[in-house]
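J.: Got a predicted model here, sequence first, then my questions.
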Amino acid sequence: MKKIIVLFTVLFSFCFLNAQENWDTKIDSKLYEVIMNHKTFVSIPNLPSNIKKMYENISWVKEKYRKVGFQLKNLESSTLPVLFAERIVNPSFKTVLFYFHLDGQAVNTKMWNQKDPFRPVLKEKNTDGGWKSIAWSSLQEKINDDWRIFARAAADDKAPVVMFLSALELMQKQNKTPKFNIKIIFDLEEEYGSKGFLSTLKKYKNQYQSDYMIIMDGPAHNSNQPTLTFGCRGIARCSITTYGSKLPQHSGHYGNYVQNPVFSLSRLLSSMKSEEGKVLIKEYYKGITIDKEVANILNSVPDNTEKINNSLFIFKPEAVGKNYQEALQYPTLNVRQIGTSWKGKGLKTIIPEYATAHIDVRLVVETDGAKQLEKIKTHIREQGFLVLDREPTDKERLENPKIVTFKGNSGVNAFRTPLNSPFGQKLRNALTSAFQQKPVSIRTMGGTVPIIPAINELSIPAIIVPMVNMDNNQHNPNENIRIGNIRQGIKICLSILNTDL
């Protein structure tokens, strides 16, 4: 009996590996075509300010996705339309809503190492670590995974759009169909806050409604291993202003007499955080626990603390978490800018009228934006300040030794899908089978995506599947996509499309 089991296991493994090898071979044979498709797509400028070009992007996607069985239509929004695609494989199957965006960040042509950021350039790395252009005809020979395509939106987010399309084309050629129904949102303004898409949530909620959601945006873990991200931080903002005399005063005449608001602001800010970086505001971390199971998940991420610190040129990190991943599980309190009443060029020997600290608070699932801002406000009152939501009156200035103007925006809350959810387990198993190793599982990523309100409104499990290289210069000059990530991304998409949900 044992021999039979062993024989079956060997045969199963052989068949499985052979199937994977076949997909790899098929991806290889299609890769040149994929890169040429990507080149054409990226050559269409995608700044929302150029409406004509945005409609050209829509037309390109419509043409390609119709050929793999999708019905597409433009949904009206408060700004540019949302491109919506749908393919019903079987009415009895589960439905997955995919999210991509077609727009890109603005460009400063002078900062790019090529003439036109919307004219893709193929490059390879020099011996000195720089990048040099090579002919596109080089792709007709053996394709090097470490070659890169440089152009705006080459990675964010046109590469995933092409990867997903290519996986569907490969399946179609093999007469295979996805194991679930597919809906796709192509957002035309993600880089600018997704205002149009978010305005459609109420009107088109029934059309968007699905069993699960997959967001194909953002970079994979810096190890370049297949990655699943189960949540991201939200963000709230506030400003805190302290006051001196009603008008700026000469520091010679009134130094040692008029209180400088910068010092009162600095003392107030210092009362909010310890030297080790922990927030001292009462109940700021309330509800957050890192149990053994969560700690094991966080520790499984292949981060290297020494490399992180060296790349940041910091002596040591703050002590909020035991490592980088654990630090992301707590809300932040970040002073992003400080200013005074003097806004002119150069320096002046004055005592400012006021000093303002602009603060952002990155939120986690356990924290609510409005409640966190209220905790900050309460803390300020406990330091003896009169807290206002406007500038103080002359009477209030004369009657109160310590005054703060507090203005807040509760922003958008975080989202997180449990790592042990059935949906998460199935995606993890699919990627493990395809790549013969477990994917990197990120519990919460540091950034905030503008579509969090959509995730919360639709109330469906959502997972981010990032596929582009971490060092893609996202949003910056010389944005790029590594060809090896295109190859791997297609395989990731194939593994997901062939998963029974």
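T.: On my side now, so go ahead.
J.: any low-confidence regions in the protein?
T.: 1-21 (pLDDT under 70).
J.: 50 instead?
T.: The chain contains residues with pLDDT under 50 at 1-19.
J.: what domains does the record give for it?
T.: Segmentation of the chain into domains, based on automatic domain parsing, reads 2-231+414-497, 234-288+330-412, 291-329.
J.: Can you tell me which of those domains is most buried?
T.: domain 2-231+414-497 (a mean of 18; mean count of other Cβ atoms under 10 Å). (Glycine included, C-beta is placed from N, CA and C.)
J.: Just checking the distance from that domain to the centre of its chain.
T.: 13 Å (Cα atoms, centre = their mean, to the nearest Å).
J.: before we move on, what about stretch 331-350?
T.: The answer for stretch 331-350 is 29 Å, by Cα atoms, centre = their mean.
J.: For it, measure first residue to last.
T.: 37 Å (Cα to Cα, to the nearest Å).
J.: got it, and stretch 359-371?
T.: 15 Å.
J.: same check, this time on stretch 467-475
T.: 16 Å.
J.: got it, and stretch 384-401?
T.: Stretch 384-401 end-to-end distance (Cα to Cα) = 9 Å.
J.: can you list contacts of that stretch?
T.: Contact with stretch 384-401 is made by Y243, K246, L268, K377, I380, R381, K402, I403, V404, T405, F406, K407, as judged by Cβ atoms under 8 Å, 6 or more residues apart in numbering.
J.: I'd assumed I403 was in contact with the fifth one.
T.: No: the pair formed by I380 and I403 falls short of the contact definition of Cβ atoms under 8 Å, at 10.3 Å.
J.: Quick check: the gap between the nearest residue to Y204 once chain neighbours are set aside and E190.
T.: In space, Y204 comes closest to L75 once its chain neighbours are excluded; the distance is 5.6 Å by Cβ to Cβ, 6 or more residues apart in numbering. Between L75 and E190 the computed distance is 15 Å (Cβ to Cβ, to the nearest Å).
J.: show me the contacts for E366.
T.: E366 neighbours (Cβ under 8 Å, 6+ apart): K286, G287, I288.
J.: if we go to 7 Å?
T.: Neighbour list for E366: G287, I288 [criterion: Cβ atoms under 7 Å, 6 or more residues apart in numbering].
J.: Would you mind measuring from it to Q372?
T.: For E366 relative to Q372 (Cβ to Cβ), the value is 10 Å.
J.: Need the distance between the two termini of stretch 295-303.
T.: End residues of stretch 295-303 are separated by 14 Å (Cα to Cα).
J.: what's the spacing between it and its chain's center?
T.: For stretch 295-303 - counting by Cα atoms, centre = their mean - the centre lies 20 Å from the chain centre.
J.: Not counting that stretch itself, show me its contacts.
T.: Contacts of stretch 295-303 (Cβ under 7 Å, 6+ apart): H221, S223, N323, Y324, Q325, E326, L419, V440, S441, I442, R443.
J.: wait, doesn't the first one sit right on V440?
T.: It refers to H221. Yes: assessed by Cβ atoms under 7 Å, H221 is found in contact with V440 at 4.3 Å.
J.: Residues in contact with both of the two, list them for me.
T.: With Cβ under 7 Å, 6+ apart as the test, H221 and V440 both reach T227, V301.
J.: P352 and N400: what is the separation?
T.: For P352, the distance to N400 - Cβ to Cβ - is 18 Å.
J.: Sorry, wrong one. I was asking about Q209.
T.: Taken as Cβ to Cβ, the span from Q209 to N400 is 53 Å.
J.: for K132, same thing?
T.: On the measure of Cβ to Cβ, K132 and N400 end up 65 Å apart.
J.: how much space between G287 and L122?
T.: G287 is 50 Å from L122, by Cβ to Cβ.
J.: Equivalent analysis for S495, please.
T.: 27 Å.
J.: R482 now?
T.: Applying Cβ to Cβ to R482 and L122 gives a distance of 12 Å.
J.: same question, N90
T.: N90 is 41 Å from L122, by Cβ to Cβ.
J.: on that earlier part again, return the set of residues that bridge with the residue nearest to Y204.
T.: V82 (DSSP bridges).
J.: That one: what's it in contact with?
T.: P81, V82, F84, T200, Y204.
J.: Switch these over to a markdown table; also include distance to L97.
T.: Formatted as a markdown table, the contacts of L75 follow (distance: Cβ to Cβ, whole Å):
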| residue | distance to L97 |
| --- | --- |
| P81 | 17 |
| V82 | 12 |
| F84 | 10 |
| T200 | 13 |
| Y204 | 12 |
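J.: which one of these sits closest to N413?
T.: Among these, T200 lies closest to N413 (Cβ to Cβ), at 20.1 Å.
J.: Leaving out sequence neighbours, find the closest residue to the closest one.
T.: Nearest to T200 is S77, by Cβ to Cβ, 6+ apart, at 5.0 Å.
J.: Quick check, that neighbour in contact with G196.
T.: Yes: in this structure, S77 is within contact of G196 by Cβ under 7 Å, at 3.6 Å.
J.: State the distance from the closest residue to Q259 other than its chain neighbours to L398.
T.: Spatial nearest neighbour of Q259, chain neighbours left out: G244 (5.3 Å); criterion: Cβ to Cβ, 6+ apart. In this view, G244 and L398 are 13 Å apart by Cβ to Cβ.
J.: can you check I297 too?
T.: In terms of Cβ to Cβ, I297 sits 56 Å off from L398.
J.: Tell me who's in contact with N144.
T.: N144 neighbours (Cβ under 7 Å, 6+ apart): E124, I483.
J.: Phi, psi for it please.
T.: phi -90, psi 120 (degrees, to the nearest 10).
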